[in-house]
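K.L.:
Any chance you can model this:
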Amino acid sequence: MNLFAAAEQQNRDNARPLAARMRPGSLAEFCGQQHILGDGKLLRRMLDADRIGSMIFYGPPGTGKTTLAELIAKQTRRHFERLNATTVGVREVRDVLQAAADRLAADGTQTVLFIDELHRFSRSQQDILLPDVESGVISLIGATTANPFFSLVAPLISRSQVFEFRELAKEDLMTLMKRALADQRRGLGSLKVSVTDEAFDFLATLTDGDGRRCLTALEIAVLSVSRTTKVVDLSVAQESMQRRVVRFDPNGDDHYDVASAFIKSIRGSDPDAAMYWLARMLESGEDPRFVARRLVISASEDIGNADPMGLPIAMAAYQATETIGMPECRINLAQATTYLACAPKSNASYLAIDAALADIRQNTVVPVPMHLRDGHYAGAARLGHGKGYQYAHDSADGWVNQDYLGVEKVYYEPVDRGHEQEFRERLNELRRRRRETPPGNSNLPGQ
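P.N.:
Numbering: from 1, shown residues only. I've put the predicted structure just below:
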């Protein structure tokens, strides 16, 4: 018997950060994720029925993925094994799977195998898990910050329930901090430090839904005043946190989700929302040229001819970004963003080209009418190319009733907004005149 075991364990516990010490001991203490864990939700139903299959926990750090996996194993009385995909190889995984199979055969004890950073496994490593997942030897719980539908093999996804974890709400973070401040055994209660409402609010806001980061900042703040004022006010809270670092992965969900929100805000004519997402991208380290390219696309896809100046302004912002770079090009990007957001909207050009492409891919290709074919080379006249073509500029109003396709098609439908309203009125008039008067030439395809 080790007479010093208790003291040694206490020393180890004291060295653990607050977030680790305050891990909940039961599902009742778990904060957040009520969209999957609340009454009547799928994960809660699985736990109540004691039918724990394999699951993928996907979401940002500090939202409780590891903690919930441990609590599930505890509540369902399963053996818990934890691996980290960044530190183990195939041999270690096979050993754990074999031990789980032996345990199940010996006394019926089932195993929850939790693998953190599961997306770090190669495809072959993920494949090793499939037989034991399918046979029920293990209940796999894989945790990942990467979108599993892109980072995990399809057979593993099809055999698992995917649960998306969300950032903790401010109320959840408040609960975590106040619980830690009151707990005298695991938390900070023995230090008798008080925290002002402004400090609580600051910490809950600036930690962006990350419970681990929130408790770490609280611990620093409390320890820093525990021998002096014993009060954590707003200034202490501010000094206890590093400058906010916006989460960013150039290949991850945030990259595409924020860019999507940016473009949709422009499309929805909300310059304030668009400015927020622009700032979010730039602050997180997004390549400003990526932003500029999105603006050029939006100028034609979402504004189009409703405001023809949108495209040159977007292109000017793109060229300025290439020439100037950050931080000054943020102003050029902001100018283009606000212009496009406030401009009248039309996707008529976008719809027109896609409709024409679909027509070409799905139907018989239309030959070029004879009168439109190139007639500028020797011998063209002998073939009838260009015969009957009418030069529109010779007309008094710059338009002649001439067939330019050989079949009747309508792809471009201008909207009743901005400059396209004028286009719509003019096109409607010209289309009416075409219908009422036969074309001035008869050299259609095949004639």
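K.L.:
residues making contact with the strand or helix carrying residue 428?
P.N.:
Using DSSP states H and E, residue 428 sits in helix 418-436. If you take Cβ atoms under 8 Å, 6 or more residues apart in numbering as the criterion, helix 418-436 is touched by 304-308, 343-344, 346, 348, 399, 401, 410, 412-416. Where C-beta positions appear, they are placed from N, C-alpha and C, glycine not excepted.
K.L.:
Next: stretch 158-173.
P.N.:
Stretch 158-173 is contacted by residues 31-33, 35-36, 42-43, 46, 53-60, 62-65, 130, 133-134, 140, 142, 148-149, 176, 201, 203-205, 207-211, 214 when judged by Cβ under 8 Å, 6+ apart.
K.L.:
from the residues you listed, which would you call buried?
P.N.:
Using 16 or more other Cβ atoms under 10 Å as the burial test, those include 31-33, 36, 43, 46, 54-60, 62-65, 130, 133, 140, 142, 148, 176, 203-204, 207-211, 214 as buried.
K.L.:
Those residues in helices, which ones?
P.N.:
Judged by DSSP state H, the buried ones among the contacts of stretch 158-173 include 36, 43, 46, 65, 130, 133, 148, 176, 203, 204, 211, 214 as members of helices.
K.L.:
helix, strand or coil for the nearest residue to residue 369 once chain neighbours are set aside?
P.N.:
Excluding the flanking residues, the one nearest residue 369 by Cβ to Cβ, 6 or more residues apart in numbering is residue 406, at 4.8 Å. Taking DSSP: H, G, I helix; E, B strand; the rest coil as the rule, one finds residue 406 in the coil state.
K.L.:
Can you read off the pLDDT for residue 406?
P.N.:
Listed pLDDT for residue 406 reads 81.
K.L.:
Residue 302: what secondary structure?
P.N.:
Going by three-state DSSP: residue 302 is helix.
K.L.:
Surely it is in contact with residue 340?
P.N.:
Yes - using Cβ atoms under 8 Å, residue 302 makes contact with residue 340 at a distance of 7.3 Å.
K.L.:
Let me see the contact set for the residue nearest to residue 47 when sequence neighbours are not counted.
P.N.:
What sits nearest to residue 47 in space, not counting adjacent residues and going by Cβ to Cβ, 6+ apart, is residue 75, at 6.3 Å. Residue 75 makes contacts with 26, 27, 47, as judged by Cβ under 8 Å, 6+ apart.
K.L.:
Could you point out which of the ones in helices among the buried ones among the contacts of stretch 158-173 is nearest to residue 277?
P.N.:
The closest of these to residue 277 turns out to be residue 204 (Cβ to Cβ; 22.6 Å).
K.L.:
which intervals of this structure have sub-threshold pLDDT?
P.N.:
For the chain, the stretches with pLDDT under 70 are 1-14, 242-253, 439-447.
K.L.:
How about the residue in it that sits furthest from its center?
P.N.:
Within the chain, the residue lying farthest from the chain centre (Cα atoms, centre = their mean) is residue 382, at 60.8 Å.
K.L.:
In terms of helices and strands, where is that one?
P.N.:
Assigned by DSSP H and E, residue 382 falls within helix 380-383.
K.L.:
swap in residue 19?
P.N.:
Short version, using DSSP H and E: residue 19 is in helix 18-21.
K.L.:
try residue 82
P.N.:
Going by DSSP H and E, residue 82 is part of strand 79-84.
K.L.:
what does residue 378 give?
P.N.:
Residue 378 is part of no helix or strand, with elements assigned from DSSP H and E.
K.L.:
What distance do you get for it to residue 385?
P.N.:
The spacing between residue 378 and residue 385, counted by Cβ to Cβ, to the nearest Å, is 11 Å.
K.L.:
Comparing these two, which residue is more hemmed in?
P.N.:
Each of residue 378 and residue 385 has its neighbours counted (other Cβ atoms under 10 Å); residue 385 has more, 19 against 6.
K.L.:
Which of the helices or strands spans the more buried one?
P.N.:
Mapping residue 385 onto the secondary structure by DSSP H and E places it in no helix or strand at all.
K.L.:
about what we covered before: name the member of the contacts of residue 75 with the most neighbours.
P.N.:
Ranked by neighbours (other Cβ under 10 Å), the contacts of residue 75 are led by residue 47, which has 17 neighbours.
K.L.:
Run through the residues that contact that one.
P.N.:
Residue 47 is in contact with 27, 72, 75, 76, counting by Cβ under 8 Å, 6+ apart.
K.L.:
Let me have the residues you listed in CSV, adding secondary structure and distance to residue 434 as columns.
P.N.:
As requested, those are exported to CSV (DSSP: H, G, I helix; E, B strand; the rest coil; distance: Cβ to Cβ, whole Å):
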residue, secondary structure, distance to residue 434
27, helix, 71
72, helix, 70
75, helix, 74
76, coil, 73
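K.L.:
Same list, the residues you listed, but as JSON lines with distance to residue 119 please.
P.N.:
JSON lines is the format used below for the contacts of residue 47 (distance: Cβ to Cβ, whole Å):
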{"residue": "27", "distance to residue 119": "26"}
{"residue": "72", "distance to residue 119": "20"}
{"residue": "75", "distance to residue 119": "26"}
{"residue": "76", "distance to residue 119": "25"}
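K.L.:
Please identify which pair of these lies farthest apart.
P.N.:
27 and 76 (10.7 Å).
K.L.:
Which parts of the stretch 251-400 of the chain are helices?
P.N.:
253-267, 271-284, 288-298, 310-324, 329-342, 348-362, 380-383 (DSSP state H, counting those that start in this stretch).
K.L.:
Ok, which of these comes nearest residue 191?
P.N.:
Set against residue 191 and scored by Cβ to Cβ, the helices of the stretch 251-400 of the chain come closest in helix 271-284, at 34.9 Å.
K.L.:
Give me the more crowded residue out of residue 302 and residue 340.
P.N.:
Neighbours were counted for residue 302 and for residue 340 using other Cβ under 10 Å; residue 340 has more, 28 against 22.
K.L.:
give the contact list for that one.
P.N.:
266, 274, 295, 298, 299, 302, 303, 310, 313, 314.
K.L.:
Of the residues you listed - the most surrounded one?
P.N.:
When neighbours are counted by other Cβ under 10 Å, residue 266 leads the contacts of residue 340 with 31 neighbours.
K.L.:
can you list residues touching both of residue 302 and residue 340?
P.N.:
In terms of Cβ under 8 Å, 6+ apart, residue 302 and residue 340 are both contacted by the residues residue 266.
K.L.:
For residue 262, give its distance to residue 342.
P.N.:
The gap separating residue 262 from residue 342 is 15 Å, by Cβ to Cβ.
K.L.:
Compare these two (neighbour count), which wins?
P.N.:
Remark: of residue 262 and residue 342, residue 262 carries more neighbours, 26 against 13, as counted by other Cβ under 10 Å.
K.L.:
Can you tell me, leaving aside adjacent residues, what's nearest to the more buried one?
P.N.:
Using Cβ to Cβ, 6+ apart, the closest residue to residue 262 is residue 277 (3.8 Å).
K.L.:
tell me the contacts of the closest residue to residue 57 other than its chain neighbours?
P.N.:
Nearest non-adjacent residue to residue 57, counting by Cβ to Cβ, 6+ apart: residue 65, 4.1 Å away. Shown in contact with residue 65 (Cβ under 8 Å, 6+ apart): 57, 59, 116, 143, 165.
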